[in-house]
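1. Output the structure for:
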Amino acid sequence: MSTDAFFLPEGEAFVPQPVCRGPWDPNSLHGRVVAGLLGAEIERRHAEPHLRVARMTVDLWRLPTFIPITVETAVRREGSRIRVVDAEAFAGGQSIGRASCVLLREGEQPPGEVWAPPPWDFPPPSALQPDPRPPIANEGWQPMWESRSQGRAFGTVGQKRTWMRELRPLVAGRELTPFQRVALACDFASPLANSGSAGLAYINVDITLYLHRYPAGEWIGFESTDHGASDGICMGQCRLYDETGPIGAATVAGLAQRRRS
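-> Alright, predicted model coming up:
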C-alpha cells in the first residue's frame, strides 16, 4: 500500500491531498473519500469489539474542494444490541455531507436454512490482470485503487463484475480497518451499476451500504445487480464479496451530470 494518504491529520481536521481529486470537477474531491472518512470516524469513535457497522447511509450533497474537513458525530440511539450514530462533515464552515450508521452486536446464528443466491462464480483476483486506467478518470487523476475485471468494466453495457483494493491509507499514520476498506470502496456501486455505452453520466448523491460481516483481506468484489433510470434520476445496486464469499450490498441514487473541464 502506498504511504501517500488521502488525508493528512491537522489537529481536529483532515487535509485532503491531490490524490483525492474526483472525476466530475478537477477542483473537487472524489465522493468515496468523503464517505470513507465519515465511516472511519464513526467506527473510530463509536465502534467496539463485537459491535459492528451493519448499515451505513451517506448523503453527498456538496462537491467539496481541497480545504480541510472536520467531522462531528453524535449517538442517536443506544441499546443493548444496537447503537445508531450520525456524523456530519464540514469544509469551510459548510456542511458537505452526512452519514448514519447502525451498529449491531454480534450473537449466535439461529437454526434453520434461508434462501440465498448461488455462490459467486467470478475468478479470484489472483487469476486476473490489473485493469488499465479507468475511463472515468480526469487528467489530474492519480491511482486511488487497483481493479481486476474480466471482459466488462467501467463504461460498458452489461452486468459488471470486478475486484478492487485500496492502494493508499485513508488518513496518514492510520492503518485501514476491514470496515474502512469497504466504506471507501462502496461508492464503486455508482460507476459499476450506472455506467453504460456513453460512460458514466450520473453523479451519485448517496450510498447505502449493508454488511452482514466485514471483509477479510484486501480485495472487495462487486457484481452489479440492478439499474433503473427515468427523467435524469437513477438508482443502482451491487452485491459485495471478499475472497471467501458474500459480505453485503451497496445501493446508490444519482442525477444526470456533465463533467467540468
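
2. ok, now how distant is Gly221 from Thr57?
-> 22 Å (Cβ to Cβ, to the nearest Å). Every C-beta, even on glycine, is put in place using the N, C-alpha and C of the backbone.

3. tell me the strands in the protein, going along the chain?
-> 7-10, 13-16, 51-60, 69-78, 82-91, 94-105, 145-149, 161-166, 195-196, 199-200, 202-211, 220-230, 233-242, 245-256 (DSSP state E).

4. Worst mean pLDDT among these?
-> Mean pLDDT values for the strands of the chain show the minimum at strand 199-200, a mean of 86.

5. which neighbours does it have in its sheet, and in what orientation?
-> strand 195-196 (antiparallel) (DSSP bridges).

6. In CSV: the strands of the chain, plus distance to Val114.
-> Shown next, in CSV, are those (distance: least, Cβ to Cβ, whole Å):
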stretch, distance to Val114
strand 7-10, 40
strand 13-16, 41
strand 51-60, 17
strand 69-78, 27
strand 82-91, 21
strand 94-105, 17
strand 145-149, 31
strand 161-166, 24
strand 195-196, 33
strand 199-200, 35
strand 202-211, 16
strand 220-230, 18
strand 233-242, 16
strand 245-256, 13
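
7. Just put these in JSON lines and tack on distance to Arg181 and mean neighbour count.
-> As requested, those are exported to JSON lines (distance: least, Cβ to Cβ, whole Å; neighbours: other Cβ atoms under 10 Å):
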{"stretch": "strand 7-10", "distance to Arg181": "16", "mean neighbour count": "16"}
{"stretch": "strand 13-16", "distance to Arg181": "18", "mean neighbour count": "20"}
{"stretch": "strand 51-60", "distance to Arg181": "12", "mean neighbour count": "20"}
{"stretch": "strand 69-78", "distance to Arg181": "19", "mean neighbour count": "15"}
{"stretch": "strand 82-91", "distance to Arg181": "18", "mean neighbour count": "19"}
{"stretch": "strand 94-105", "distance to Arg181": "16", "mean neighbour count": "19"}
{"stretch": "strand 145-149", "distance to Arg181": "10", "mean neighbour count": "19"}
{"stretch": "strand 161-166", "distance to Arg181": "6", "mean neighbour count": "22"}
{"stretch": "strand 195-196", "distance to Arg181": "22", "mean neighbour count": "20"}
{"stretch": "strand 199-200", "distance to Arg181": "22", "mean neighbour count": "18"}
{"stretch": "strand 202-211", "distance to Arg181": "11", "mean neighbour count": "22"}
{"stretch": "strand 220-230", "distance to Arg181": "6", "mean neighbour count": "18"}
{"stretch": "strand 233-242", "distance to Arg181": "9", "mean neighbour count": "21"}
{"stretch": "strand 245-256", "distance to Arg181": "11", "mean neighbour count": "19"}
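
8. Many thanks, have a good one.
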